[in-house]
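# A predicted structure for the sequence below; I have some questions about it.
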Amino acid sequence: MAYTLLGVDFNDETGDCNFLILDPHYGGAENPKTIIDKGWCQWKGPKIFLENTFYNFCLPLRPKFI
């Protein structure tokens, strides 16, 4: 299992946490509408991560000027 973790949304009041995940296995055109509409990039809850499963995460770094 591998994911690109683009963002984390944590709600201080409820403790809910969601992850903006980009699937690095996508191999189509660089068309944001297709990528989002087909679910290659979307917010996912913690249930996406299964117990006793190893995951590889790609964690892109922001450029220093941002």
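Now that the structure is in, tell me what you want to look at. None of the values given here were measured: they were computed from a predicted structure.

# alpha carbons only for contacts and neighbour counts from here, please
Noted.

# which helices and strands does the helix or strand containing residue 42 pack with?
Element membership of residue 42, judged by DSSP states H and E, is strand 41-44. If contacts are counted by 3 or more Cα pairs under 8 Å, 6 or more residues apart in numbering; DSSP states H and E, strand 41-44 sits against strand 17-22.

# quick one: buried residues of the strand it packs on?
For strand 17-22, a neighbour-count test (16 or more other Cα atoms under 10 Å) marks 18, 19, 20, 21, 22 as buried.

# residues contacting the fourth one?
Which is residue 21. Applying Cα atoms under 8 Å, 6 or more residues apart in numbering to residue 21 gives the contacts 3, 4, 5, 6, 7, 40, 41, 42, 43, 44.

# Backbone dihedrals for the closest residue to it other than its chain neighbours, both of them.
For residue 21, ignoring the flanking residues on the chain, the nearest one in space by Cα to Cα, 6 or more residues apart in numbering is residue 5 at 5.0 Å. Backbone dihedrals for residue 5, given as degrees, to the nearest 10, come out at phi -90, psi 110.

# burial count for residue 5?
Applying the criterion other Cα atoms under 10 Å, we find 17 residues in the vicinity of residue 5.

# Surely it touches residue 61?
No - contact criterion Cα atoms under 8 Å: residue 5 and residue 61 do not qualify, at 10.5 Å.

# quick one: stretch 45-59 to chain centroid distance?
In terms of Cα atoms, centre = their mean, to the nearest Å, the centre of stretch 45-59 is set 10 Å apart from its chain centre.

# tell me the average confidence for that stretch?
Average pLDDT, stretch 45-59: 86.

# Distance to residue 34 added to the contacts of residue 21, as a markdown table?
Output for the contacts of residue 21, formatted as a markdown table (distance: Cα to Cα, whole Å):
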| residue | distance to residue 34 |
| --- | --- |
| 3 | 18 |
| 4 | 17 |
| 5 | 19 |
| 6 | 18 |
| 7 | 20 |
| 40 | 8 |
| 41 | 10 |
| 42 | 12 |
| 43 | 15 |
| 44 | 18 |
